[in-house]
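Undergrad: sequence first, then the predicted structure:
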Amino acid sequence: VGEEELGRGSGAVVKRGTWQGTPVACKLWSAELFSDGDARGEWLMGRLTGGCASLVRTLAAWETPSLGMAVELLEGASAVG
């Protein structure tokens, strides 16, 4: 996980990173519950849908030191929520 911040929400920060030599967006949760959902539910959904071609792919997920996941980096894209 790098230092460049790509975005921030109510319970997580997204930073640029690299996974197996591929640029990725790393979502790092700072809380379990927040205004628009819960970290564990989103983390589990990312793990379950990682192979779906219609969604941004989740490439890796981890629980320590805190919940996080690496997803495809879509250059120039912005999150709408």
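TA: Received it, and whenever you're ready, just let me know what you need. Numbers count the residues shown, from 1 in each chain.

Undergrad: drop to CA atoms for contacts and neighbour counts, all remaining ones
TA: Noted.

Undergrad: can you show me the helices along this protein?
TA: In the chain, the helices defined using DSSP state H lie at 39-48.

Undergrad: lowest-confidence helix or strand of it?
TA: In the chain, the helix or strand scored least confidently by mean pLDDT, DSSP states H and E is strand 33-34, which has a mean of 69.

Undergrad: how many neighbours does residue 33 have?
TA: 14 (other CA atoms under 10 Å).

Undergrad: setting aside sequence neighbours, what's the nearest residue to it?
TA: Using CA to CA, 6 or more residues apart in numbering and skipping the chain neighbours, the partner closest in space to residue 33 is residue 39 (6.3 Å).

Undergrad: just checking, the one you found touches residue 29?
TA: Yes. Assessed by CA atoms under 8 Å, residue 39 is found in contact with residue 29 at 6.5 Å.

Undergrad: neighbour count: the two, which is higher?
TA: residue 29 (24 against 20).
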